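Chemist: Okay, here's the prediction I keep looking at, along with the sequence it came from:
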Amino acid sequence: MLRVALRPKFLGLLALMAAATLVCGLLANWQFERATRALDARDETQSAAPVPIEELMDAHAPVTNAVQGRLASFTGEFVPSEQVLVPGREIDGHDAAVVVTNARITKGPLRGTSIPVARGYTTAPSSEWDTLPEPPTGSHKIVVRLEASEEARGTVRREGDGGVATVGTLSSTLLVNVWEGPMLAGYGALTNEARQYMSGPGESDGAGATAAEAGASDSSAKGADGADVTAADAAAADAWRDLGPLPAAQSSFTSGLNLQNFGYMLQWILFGVFFLYIWWRSVRSTYLDEQAERRLELESRLAGESSD
């Protein structure tokens, strides 16, 4: 079969199929890069230090793929009266409700603008939601992981007078209708990474220090990012007291491998293999046909000799 494959006709066909396979290989590599781009971006995002929130977005900008997952810092204050719970979540295998509190930015270009902050989650039954610890008061440094707003479904509901407000999804579109003032798109989450940058002095496990611990001496204690931590900043670490850390939100940008592009990559690989198969099938078919003709010719010759 090698002699058949080395004929000029099949060598030319091989060159054509090899060129087509090369093109498929390049397209497969392109799709592979697109499929794994989120993995590379996620690694860069997770290792990046917090930056001022005004450097990532403005009052009217959505949370784009380039922004989602970034750690952002701002000076602001929580508004305890503007808090909702998002029930019906499964976190670490537990039925949970996410605690979301409005945080108003008090310094910088975005002063006066609010952003919903998911402070953590609770597994407590609904009968105990009204006993959840309130966020710290006063203005202090807050670090959050920026996330895109979820699809708006339902409305904000409150059970009875003074009851706990609940909402079906973590959507800034829903919350802006019940909380006063301008609001940034998306929301901020106090994930483990964000908590580390809000840790009080002398902490290594990410748990929050109290303002009393930070203010026991007026020394310049250091936080997880090496910056000076004041008593007010340390009080911000109480923002997640008794609440579980939130996992990073999942999306096509943050979940890692893009399965759609990975499927396209496999498709181009199959196309390339198919082109080479066509060449091999053509060579093999020609070889078998010639072998069959020779066999018939030999049988015919032998039959003629035997008849003589």
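Modeler: Sure, I can see it.
Chemist: Please work out which helix or strand belonging to this structure has the smallest mean pLDDT.
Modeler: Across the helices and strands of the chain, mean confidence by mean pLDDT, DSSP states H and E is lowest for helix 211-215: a mean of 37.
Chemist: so what does whichever strand or helix holds Ala18 touch, helix or strand wise?
Modeler: Remark: Ala18 resides in helix 8-47, with elements defined by DSSP states H and E. If you count contacts as 3 or more Cβ pairs under 8 Å, 6 or more residues apart in numbering; DSSP states H and E, helix 8-47 packs onto helix 2-5, helix 259-307. All C-beta atoms are positioned from the backbone trio N, CA, C, and that covers glycine.
Chemist: Show me what the last one is packed against.
Modeler: Same thing as helix 259-307. helix 2-5, helix 8-47.
Chemist: quick one: low-confidence ranges for the stretch 1-150 of the chain?
Modeler: Counting by pLDDT under 70, the stretch 1-150 of the chain has low-confidence residues at 37-47.
Chemist: Where among the helices and strands packed on helix 8-47 is average confidence lowest?
Modeler: Per-stretch averages of pLDDT across the helices and strands packed on helix 8-47 put helix 2-5 at the bottom, with a mean of 80.
Chemist: How about the contacts made by the nearest residue to Ile142 once chain neighbours are set aside?
Modeler: Nearest in space to Ile142, with sequence neighbours left out and distances taken as Cβ to Cβ, 6 or more residues apart in numbering, is Gly76 at 5.3 Å. The neighbours of Gly76, taking Cβ atoms under 8 Å, 6 or more residues apart in numbering as the test, are Ala103, Arg104, Ile105, Thr106, Lys107, Ile115, Ser139, His140, Ile142.
Chemist: Can you go through the residues you listed and name the buried ones?
Modeler: Ala103, Arg104, Ile105, Thr106, Ile115, Ser139, His140, Ile142 (16 or more other Cβ atoms under 10 Å).
Chemist: Give the pairing partners of whichever helix or strand comes after the helix holding Ala18; include direction for each.
Modeler: Taking DSSP H and E as the definition, the helix or strand that follows helix 8-47 towards the C-terminus is strand 51-52. Strand 51-52 pairs in its sheet with strand 71-91 (parallel), by DSSP bridges.
Chemist: Using CSV, list the CA coordinates for the strand it pairs with.
Modeler: Extracted in CSV, the C-alpha atoms of strand 71-91 (Å, rounded to 0.1, in the frame of the first residue of the first chain):
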residue,chain,number,x,y,z
LEU,A,71,-11.4,43.1,44.7
ALA,A,72,-12.4,46.7,45.2
SER,A,73,-12.0,48.9,48.2
PHE,A,74,-13.8,52.0,49.3
THR,A,75,-14.5,54.1,52.4
GLY,A,76,-18.1,53.8,53.4
GLU,A,77,-20.7,52.9,56.0
PHE,A,78,-23.3,50.2,56.3
VAL,A,79,-26.9,51.2,56.6
PRO,A,80,-28.4,48.7,59.1
SER,A,81,-32.0,49.7,58.3
GLU,A,82,-31.4,48.8,54.6
GLN,A,83,-30.8,45.1,54.8
VAL,A,84,-32.5,42.1,53.1
LEU,A,85,-32.0,38.3,53.1
VAL,A,86,-31.9,36.2,50.0
PRO,A,87,-33.1,32.7,51.1
GLY,A,88,-33.2,29.5,49.2
ARG,A,89,-29.4,29.2,48.6
GLU,A,90,-27.3,26.1,48.9
ILE,A,91,-23.9,26.9,50.2
